[in-house]
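*Asks:* only the shape, not the letters, is given here:
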């Protein structure tokens with residue numbers, strides 16, 4: 001699998017590595033590319049890579065000794081040999097002379113901690129006593145959730161590291177750069193299914209059309225023997241105490257519940273439990289606050305809405321979870337899925353990635369603004385899907401976005417402007433601001449709208465090709 005993106009994180013690793021004493025922590029959710037990032041960084045550097053196994057502390061000590069001795073061409077110990085202590089292992093490794101500096105990578109570091117609660121103290125002692133003294137750079141990786149648990153158990157854990165690199169989902173703009181030979185709609189469908197998670201993209205590398213993308217979804221996600229069919233249950237079982245309760249909350253959120261009141265009303269859980277689950281899901285990165293912009297008076301009256309943050313989680317709870325048991329019992333059922341509701345589902349993520357792209361300098365240049373705020377604007381249940389503000393220049397950008405099978409026409413744009421004109425509070429608030437309008441559509445525009453856009457200076461049309469061009 002080729003290395004994808006992560007240029008910013010590679011630069012962070014490089015800068016951290018150049019320090020005299022470097023103890024670097026890399027965290028991120030599963031499949032976000034922690035291991036792949038580290039291996040890409042050290043591929044031309046002298047290093048020892050050790051991945052802790054899901055096994056006892058003693059077995060991991062034996063495994064480290066084998067890896068370490070194999071690295072130096074020393075005969076490895078037998079499986080029934082006495083296991084050396086961690087401090088002795090770290091001392092022996094750090095004192096071994098090598099040309100070109102030394103980098104020790106410990107992957108799945110959390111496994112070592114959970115099997116031996118004294119491991120963090122041992123590791124810190126080895127860092128102070130052996131690794132620093134011998135110029136060894138340490139790169140450690142673990143899951144977000146594990147890192148949160150370790151910090152709870154050891155308040156001083158956060159102070160250990162000279163640098164922390166946290167991997168997040170990659171943006172759609174990065175995806176367009178990495179896959180220049182796919183058309184915009186193909187990438188939009190893939191992103192709406194698996195989001196910006198490099199570990200999921202590999203399942204679609206071979207796809208060159210929508211039919212193949214659908215086949216890959218069926219083969220890997222909705223098929224009970226697919227590699228991603230049980231991905232979400234497996235993750236939740238490792239990260240939460242009551243997975244069934246979390247399944248219920250995520251299910252109703254995928255169906256449209258946005259506030260704690262709505263979730264409580266549908267699930268029947270107590271409000272305190274709903275808020276506790278929601279808070280935990282926020283910390284784990286499953287959900288986030290919706291990017292809404294609205295008048296302050298309106299915000300005071302309404303509860304902050306939330307949404308699922310990761311497209312793959314949203315897709316799984318929309319198209320897999322409701323049929324999970326039936327799909328497990330009937331393999332043929334996955335092949336019969338019509339994925340009804342897919343277009344409005346993709347429409348939501350199309351809207352999300354456009355809000356995200358408003359942070360791109362190339363898009364800001366195109367609309368003639370330095371965006372200080374961007375999101376959806378809501379007023380009295382009326383929503384403007386794309387709204388951006390340049391406070392200093394007193395300028396706003398208002399855009400419609402459509403993911404559908406029909407071309408966007410001049411009448412569609414007139415209807416959109418009429419909706420804006422009926423939002424009295426919005427028009428009063430921004431009456432002294434210059435306006436630029438936009439329309440984002442995956443499919444072509446009707447000729448009447450194209451002709452109109454040529455005659456006016458305050459309307460910009462974006463399709464897949466023009467959005468692709470912004471990444472060049």
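*Replies:* That came through, no problem. Note that the coordinates shown come from a computational prediction; the quantities given were computed from them, not determined experimentally. Numbers count the residues shown, from 1 in each chain.

*Asks:* how is this protein partitioned into domains?
*Replies:* 7-166, 213-344, 358-469 (automatic domain parsing).

*Asks:* output the below-cut-off pLDDT ranges for the chain.
*Replies:* Residues of the chain that meet the criterion pLDDT under 70 lie in 1, 77-79, 100, 295-302.

*Asks:* middle-most residue in it, spatially?
*Replies:* In the chain, the centroid-proximal residue (CA atoms, centre = their mean) is residue 169; its distance is 2.5 Å.

*Asks:* thought that residue was touching residue 310?
*Replies:* Yes. With contact defined as CB atoms under 8 Å, residue 169 and residue 310 form a contacting pair (6.8 Å). Bear in mind the C-beta positions are built from the backbone N, C-alpha and C, glycine included.

*Asks:* mutual contacts of the two, please.
*Replies:* Jointly contacting residue 169 and residue 310 under the rule CB atoms under 8 Å, 6 or more residues apart in numbering are 195, 197.

*Asks:* how far away is residue 445 from residue 454?
*Replies:* 11 Å (CB to CB, to the nearest Å).

*Asks:* how many residues are close by residue 98?
*Replies:* 14 (other CB atoms under 10 Å).

*Asks:* surely it and residue 46 touch.
*Replies:* Yes. Contact criterion CB under 8 Å: residue 98 and residue 46 qualify, at 5.8 Å.

*Asks:* coming back round to it: dump the domains of the chain to CSV, plus distance to residue 192.
*Replies:* Formatted as CSV, the domains of the chain follow (distance: least, CB to CB, whole Å):
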stretch, distance to residue 192
domain 7-166, 17
domain 213-344, 6
domain 358-469, 9
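
*Asks:* just the strands in the protein please.
*Replies:* 23-28, 47-51, 102-107, 136-143, 163-166, 287-289, 292-293, 306-308, 373-379, 382-390, 395-402, 434-441, 459-462 (DSSP state E).

*Asks:* can you redo the ones you listed as TSV with mean neighbour count?
*Replies:* Shown next, in TSV, are those (neighbours: other CB atoms under 10 Å):
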stretch	mean neighbour count
strand 23-28	23
strand 47-51	18
strand 102-107	20
strand 136-143	24
strand 163-166	17
strand 287-289	16
strand 292-293	17
strand 306-308	20
strand 373-379	19
strand 382-390	20
strand 395-402	21
strand 434-441	19
strand 459-462	20
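
*Asks:* now tabulate the ones you listed in CSV and tack on distance to residue 245.
*Replies:* Putting the strands of the chain into CSV (distance: least, CB to CB, whole Å) gives the following:
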stretch, distance to residue 245
strand 23-28, 25
strand 47-51, 33
strand 102-107, 31
strand 136-143, 21
strand 163-166, 27
strand 287-289, 14
strand 292-293, 26
strand 306-308, 16
strand 373-379, 29
strand 382-390, 30
strand 395-402, 34
strand 434-441, 37
strand 459-462, 41
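
*Asks:* please name whichever of those strands is nearest to residue 83.
*Replies:* The closest of the strands of the chain to residue 83 is strand 47-51. By CB to CB, the value is 14.7 Å.

*Asks:* out of the domains of the chain, which is closest to residue 185?
*Replies:* With respect to residue 185, and counting by CB to CB, the nearest of those is domain 358-469 at 5.1 Å.

*Asks:* need the distance between the two termini of that closest one.
*Replies:* 14 Å (CA to CA, to the nearest Å).

*Asks:* do stretch 460-472 as well
*Replies:* First residue to last in stretch 460-472 (CA to CA) measures 19 Å.

*Asks:* tell me which residues of that stretch come out buried.
*Replies:* 460-464, 467-468, 470-471 (16 or more other CB atoms under 10 Å).

*Asks:* now, the most widely separated pair of those?
*Replies:* Pairwise over the buried residues of stretch 460-472, using CB to CB, the maximum falls at 461 and 471, 17.8 Å.

*Asks:* ok, now which ones touch residue 270?
*Replies:* residue 264.

*Asks:* and the residue nearest to residue 252 when sequence neighbours are not counted, how far is that from residue 274?
*Replies:* Computed as CB to CB, 6 or more residues apart in numbering, the closest residue to residue 252 that is not its neighbour in sequence is residue 266, at 4.6 Å. For residue 266, the distance to residue 274 equals 10 Å [CB to CB].

*Asks:* so which of the two has more stuff around it?
*Replies:* residue 274 (23 against 16).

*Asks:* wait, the more buried one touches residue 262, no?
*Replies:* No. Using CB under 8 Å, residue 274 is not in contact with residue 262, being 9.5 Å away.

*Asks:* relative to residue 33, how far out is the residue nearest to the centre of the chain?
*Replies:* In terms of CB to CB, residue 169 sits 10 Å off from residue 33.

*Asks:* swap in residue 282?
*Replies:* Distance from residue 282 to residue 33, by CB to CB: 22 Å.

*Asks:* give me the more crowded residue out of the two.
*Replies:* Applying other CB under 10 Å to residue 282 and residue 33 shows that residue 33 carries more neighbours, namely 24 against 14.
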